[in-house]
Every structure is written in structure tokens, then in C-alpha cells.
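Undergrad: Return atomic coordinates for the entry below.
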Amino acid sequence: MAAVDQGTTSTRAMVFDHDGRVVASEQIEHQQIFPRAGWVEHDAAEIWRNTRRVAAAALASIDLTSDDVAACGLTNQRETTVIWDRTTGEPVHNAIVWQDTRTGTLCEEMAGDEGVDRYRDRTGLPLSTYFAGPKIRWLLDNVDGVRERAEAGELCFGTMDSWTAWNMTGGPDGGLHITDVTNASRTMLMDLRTLSWDEEICAQMGIPVAALPEIRSSSEVYGPLREQGPLRGVPLAGILGDQQAATFGQACLSPGEAKNTYGTGNFLLLNTGTEPVFSEHGLLTTVCYRIGDDAPRYALEGSIAVTGSLVQWLRDNLGLFREASEIERLAAEVDDNGGAYFVPAFSGLFAPRWRPDARGVIVGLTRFVNKGHLARAALEASAFQTREVIEAMQADSGVELSTLKVDGGMVVNELLMQFQADILDVPVVRPVVNETTALGAAYAAGLAVGFWEGEDDIRANWAEDKRWEPTMAADDRDRLYADWNRAVEHSFDLA
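TA: Just a heads-up that it's a prediction; the model follows:
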């Protein structure tokens, strides 16, 4: 079973066996483009080239051909928005990344007197720079000729799953212009209950519905992959936004089960079952997944903008270390954070605070603080922000967290995982297969073609690798968290 994971910093292709174990993996990073402060872009054409390369390399690494692959799943960075020409396949502009904040003024205008929750009862989302709808509107308003071409039916809009699926299934030569319910639920344009584009919201945002992709379920056979590629003829049969894919890969298939992914940002999802639960505490309501014609499953989500990308920033912008993995050794050189707290509000604060006016701050600096303390403070920021989201989730759902299932690139950092258990006062559990995002996409595709029979197969495949138990004294936990909250308040009103 193959999966393509089109992420924020890289694109990866993976091949899994029936036990959900990795048998091949290839990954290529792509350029992060920062045209000005607060703007983040990707070259969608570069990402498509990388997708072809990693798929070919993953198969070649273990001498597989397309005949050996039952189906292919696709997962992607959500909300990142691209518009391209139906005839040529050329993007009209770089993709605008989910972290990008250029639509701040636009979101304020659209909120008007009704406020940021204007569409929350239908979409589950606050008006925020995070989501795709305002990004589409920005492209329509600011790139020459795009609105006219869109209204004439010449252009396709999509998040990165739509761009990748269109190219993988033929591009200008019959490519499928589709998305799934999980990605559509991140645009701010889909009604959560009907699972269709909300024509009133689209009209108010000035977005032509005809240019949007067809919304499909997360697990069904969409069509065969292009004949020119390494996976020629293999059915594309699963699409999930990356955080929903990780939830699926972690086997969080029953109401009350949750996972936290530590990637570029952190994303905590709680399965709430077949009814959407609307948050009173700053969380998002989103589609968790939909299998074939079954009823959709919903989730509450806490989205944290900057966690792993803070480690990248320390590496690339400050040069504190050469490899991201070195942060753990550096942080371990000190016993604590030395009184320093790092609030990484580079693009504002997401859940549960939703403060677009916030910017990054380091609080509590003295002559005693060294780069080890800063490294430790950066790691601790991920854990503190996760606790904020979990407290909001427990308040909304009434479900007390007994253990936290974790995945993503940062969970190999044992110092962070221990601190996470300590600051939450619950055990943290890492699965054997850490790349649960790609695995979830593979599961969705495999269910559609009968490679796996049902959800019990997915639960049976999940296996624990390591568990961290809390060891911190309650007084220390309370003091650290109170100091963190004080530090966060210093980040407000800086934009």
C-alpha cells in the first residue's frame, strides 16, 4: 500500500505492508519562500516535481513496480491554497501556506459587525488567516487577471490535496479536480452538516463555486493514477488532511480518543463521533474522516501554529545548531529553562487564544541564560501550548484525558516527551510506527479496495513503542505553567 504525504516542509512517499509497517520511504524538502514579514509561500510546481521523484524512488528502493501496489492514499498540509490553469496546469501564483498572515485585514473586513464567529455555526471555524477561503479571495483580488479567468471557468482552486490529486490522475489530460471532506472542512466554505460548498458563504467571500473541487469521501476509489508515472494505473483511493490522517493512523476511531501530532505546528484532535461538537473554548470543529458512504465522523481540534518550525528557526535563523536533532543534546546540558520562556507567536497565536496580534517573545532573560536554556525553552513551548489546548478540549467535551497518543517528527525527542508528560500529569505514549500521517492515508486507501477489511484491522495494527510517565512535583508543574501564561500575555498587541 502506497501513500504520498505532501507536508509543509517536505514531500514523502511511503510503502506499507498489511501489518502497517514501513517497507520503503523517500522524502525531499522544498523551498520555504518568505516574500515579506508574515508571508509564507511554496512553489507548487516544485512540490509536484518532488512528488514524482519520491514516488519513483520509494518503489525503486525495494524493487517494486506499480503491479505490486494495491492502492495509493494521499495526505497533505491543510489550508495551503493554490490556483492553477485547467489547460496548462500552470499555477497562477505561488501557493499561499497555512501559516501566512497576509489576509488579516481581509478577515477583519469579512467579520464586520458579526465578529470572527460569523460562519462558525456552519463551518466550525472562526474567521482567521489560517483557513483557505480568505487566501483564495486574496489571490482573486491581487493577481492580475485571476478573477476574470476564474469566472470564465479557466482556473481550478484547491488545497494541496486537490493540486496533487489533479496532477497524479493526469493533470491537463483528464486529471480529477477533487478534494475530500476533511480538507474541504478547512476552507471555511463547506457546510459541516451537508458536506457541500455553502453557496451563500462563497458569494459573500466572492469566490465562484464552479472553480472549487468536487467534495468526495476520505476513502473511496477516485480513479487510476496517470500512465506516465511510477504508480501508473494504481487506484487513488484515499485522501485525508494530514492531521485527520494521523488521527486515523493512530486508530483514534472511537469517540473520546485523541492524538497529538508534533510537526511544523502541533495539532491535537479528539474524535467526537457522528455529531459535530461546537467549542466554547477556542477549538475548531472539523470533519475527522468519512469512509465511503458511511456517516461522517467529526473532531474537535486544537491547532498550534509553531512548534517544530521553532526548532527550524533556531537552526536556520540563529544558527544555534546544524541539525534539528541536536536541540535535545543542547537542551540536556542544563537542568531547567533558567527562568526563560519562549512564546513562538511568529504568525499570531492559534488555539485556544486566537490572537492574530501576538508576535514571538522571549521572556525572563538574565545574564545566566545561555543557548542551552533557550533550546530547552523552545522545546517546553510545545508542551505548554499542548496543555492549553488539552485543557480547552476537556472543558468542551467533558472527557478527561487518561493518556496522550503522540506522533510526528518531534516525538523522537525524549526530553520533550518527558516534559510533556510532566506538565500534563498524564502518560504520553508513542506508537511503533511514528509516521502515522502517511499510514492513515494508506489505511483510507486500503479500506476502499479491501486490502484491510475494516477498522478492527487498523486497531489491531496499532502497537505501543514507548511510554513516559509523569514524575514532576505538582508545585513545580503549577509554577512553570503559571509563569508560561504570564509570558504569553507579553506577546499580545505586538503586530
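Undergrad: taking the mean pLDDT, what do you get for the longest helix along the chain?
TA: The single longest helix within the chain, with elements called by DSSP state H, is helix 371-397. The pLDDT scores in helix 371-397 average 93.
Undergrad: Could you give me the buried positions within that helix?
TA: Across helix 371-397, burial judged by 16 or more other C-beta atoms under 10 Å covers 372-393, 396-397. C-beta here means a position set from N, CA and C on the backbone, and glycine is covered the same way.
Undergrad: Please enumerate the helices of the stretch 351-495 of the chain.
TA: Assigned by DSSP state H, counting those that start in this stretch, the stretch 351-495 of the chain shows helices spanning 371-397, 414-424, 436-449, 455-461, 474-489.
Undergrad: which one of the ones you listed lies closest to Ile47?
TA: Ranking the helices of the stretch 351-495 of the chain by proximity to Ile47 (C-beta to C-beta) places helix 436-449 first, at 15.8 Å.
Undergrad: pLDDT score assigned to Ile404?
TA: If you look again at residue 404, you'll see it is Leu, not Ile. Here the pLDDT value assigned to Leu404 is 88.
Undergrad: Can you give me the neighbour number for it?
TA: Applying other C-beta atoms under 10 Å, we find 21 residues neighbouring Leu404.
Undergrad: Run through the strands of the stretch 101-250 of the chain in chain order.
TA: In the stretch 101-250 of the chain, the strands defined using DSSP state E, counting those that start in this stretch lie at 155-159, 178-180, 214-216, 219-224, 235-241.
Undergrad: thinking again about what came up before, give me the distance from the longest helix of the chain to the chain's centre.
TA: 17 Å (C-alpha atoms, centre = their mean, to the nearest Å).
Undergrad: one step back: between the helices of the stretch 351-495 of the chain, which gets nearest to Ile291?
TA: Closest approach to Ile291 among those (C-beta to C-beta): helix 436-449, 6.2 Å.
Undergrad: now for the helices of the stretch 351-495 of the chain, which one comes closest to Pro344?
TA: Closest to Pro344 of these is helix 371-397 (C-beta to C-beta; 5.6 Å).
Undergrad: Which other helices and strands does the closest one contact?
TA: Contacts defined by 3 or more C-beta pairs under 8 Å, 6 or more residues apart in numbering; DSSP states H and E place helix 371-397 against strand 258-262, strand 266-273, strand 297-304, helix 308-316, helix 326-331, strand 341-343, helix 414-424, helix 474-489.
Undergrad: how about a cut-off of 6 Å?
TA: strand 266-273, strand 297-304, helix 326-331, strand 341-343, helix 414-424 (3 or more C-beta pairs under 6 Å, 6 or more residues apart in numbering; DSSP states H and E).
Undergrad: Which one of these lies nearest to Pro213?
TA: strand 297-304 (21.0 Å).
Undergrad: quick one: average confidence on that closest one?
TA: Averaging pLDDT along strand 297-304 gives 90.
Undergrad: Ala351 against Ala305, yeah?
TA: No: counting by C-beta atoms under 6 Å, Ala351 does not reach Ala305; the two are 9.2 Å apart.
Undergrad: Look through this protein and report the residue furthest from the middle.
TA: Arg367 (37.7 Å; C-alpha atoms, centre = their mean).
Undergrad: Need the phi and psi values for that one.
TA: Here is the backbone geometry of Arg367 (degrees, to the nearest 10): phi -60, psi -20.
Undergrad: what's the spacing between it and Val343?
TA: Here the criterion is C-beta to C-beta, to the nearest Å. By it, Arg367 lies 21 Å from Val343.
Undergrad: Likewise for Ile28?
TA: Applying C-beta to C-beta to Ile28 and Val343 gives a distance of 32 Å.
Undergrad: Compare neighbour counts for those two and give me the winner.
TA: For the pair Ile28 and Val343, the greater number of neighbours falls to Val343 (25 against 16), based on other C-beta under 10 Å.
Undergrad: Please name the residues that touch the more buried one.
TA: Val361, Ala487, Val488, Ser491 (C-beta atoms under 6 Å, 6 or more residues apart in numbering).
Undergrad: got any ranges where the chain has weak pLDDT?
TA: Counting by pLDDT under 70, the chain contains no low-confidence range.
Undergrad: now Glu26, what's its secondary structure?
TA: Here Glu26 is recorded as strand under DSSP: H, G, I helix; E, B strand; the rest coil.
Undergrad: Quick check: bridge partners of it?
TA: As for beta bridges, Glu26 partners with Ala13 under DSSP bridges.
Undergrad: show me what contacts it?
TA: Ala13, Val54, Ala57, Ala58.
Undergrad: what do you get if the cut-off is 7 Å, keeping everything else the same?
TA: Contacts for Glu26 were tallied using C-beta atoms under 7 Å, 6 or more residues apart in numbering; they are Arg12, Ala13, Val54, Ala57, Ala58, Ser61.
Undergrad: Pull up the gap between the first one and Ser25, please.
TA: Pointing back at Arg12 there. Separation of Arg12 from Ser25 (C-beta to C-beta) stands at 7 Å.
Undergrad: Thank you, goodbye.
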